[in-house]
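Asks: coordinates only, sequence not included:
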């Protein structure tokens, strides 16, 4: 029997209950501001449209969770597992995803302005159409990530692994690519970056 989170409000906090089956539907709920959900087990949970602003989800397991259209401003996901989670159209301005697992996650059209994505694993993630203005994406792995039509203006991707990432149509004005590996990435003009593309896209 696993310790499962039922998210029952009690004076602004939440109760952890033992149960045979996890709760699957919490769409549209509002979590108390600054709620502490650290290390919570929320795998495959439907949180569509929920308000999780400023909540603490450090090291929480949200893999395969549905967070579409959720409000995640200033939410703390440090070290959390969001592998294959759906975060389409989320508002995650100033959210903290540092060192979290975001591989295969769907961030299509998400607002990640000023978000902290340092050290994250965004391998094969879908970030198409998303806003990453002023986002901090240092030391991150974005291998084969989809960044088509994303706005990365003034974002920092220094020291990041961008091999095979797709930047076609993306806005890279003011982006910091210091020591980033862009080998085999698809550049904004649709052309592939050649071997030796470190810090910039080397093309023929």
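Replies: Cool, the structure landed. Predicted, not measured: the structure shown is a model, and the values here were computed from it.
Asks: From the chain's centroid, how far away is stretch 170-180?
Replies: 18 Å (Cα atoms, centre = their mean, to the nearest Å).
Asks: I would like the residues contacting that stretch, please.
Replies: Among residues not part of stretch 170-180, those counted as contacts by Cβ atoms under 8 Å, 6 or more residues apart in numbering are 147-162, 188, 198-200. Placement of C-beta: from N, CA and C, glycine included.
Asks: which one is the residue positioned nearest the centre of the chain nearest to, not counting chain neighbours?
Replies: Nearest to the mean C-alpha position of the chain, by Cα atoms, centre = their mean, lies residue 102 at 5.6 Å. Using Cβ to Cβ, 6 or more residues apart in numbering and skipping the chain neighbours, the partner closest in space to residue 102 is residue 122 (4.8 Å).
Asks: Now do the residue nearest to the centre of the chain, the pLDDT please.
Replies: According to the model's per-residue confidence, residue 102 sits at a pLDDT of 98.
Asks: Pull out the buried residues from the contacts of stretch 170-180.
Replies: In terms of neighbour count (16 or more other Cβ atoms under 10 Å), the buried residues within those are 147-162, 188.
Asks: so where do the strands sit in this protein?
Replies: With DSSP state E as the criterion, the chain has strands at 3-10, 13-18.
Asks: Ranking helices and strands of the chain by mean pLDDT, which lands last?
Replies: For the chain, using mean pLDDT, DSSP states H and E, the weakest element among its helices and strands is strand 13-18, scoring a mean of 35.
Asks: need the contact list for residue 88.
Replies: Counting by Cβ under 8 Å, 6+ apart, residue 88 touches 68, 69, 106, 107, 108, 109, 110.
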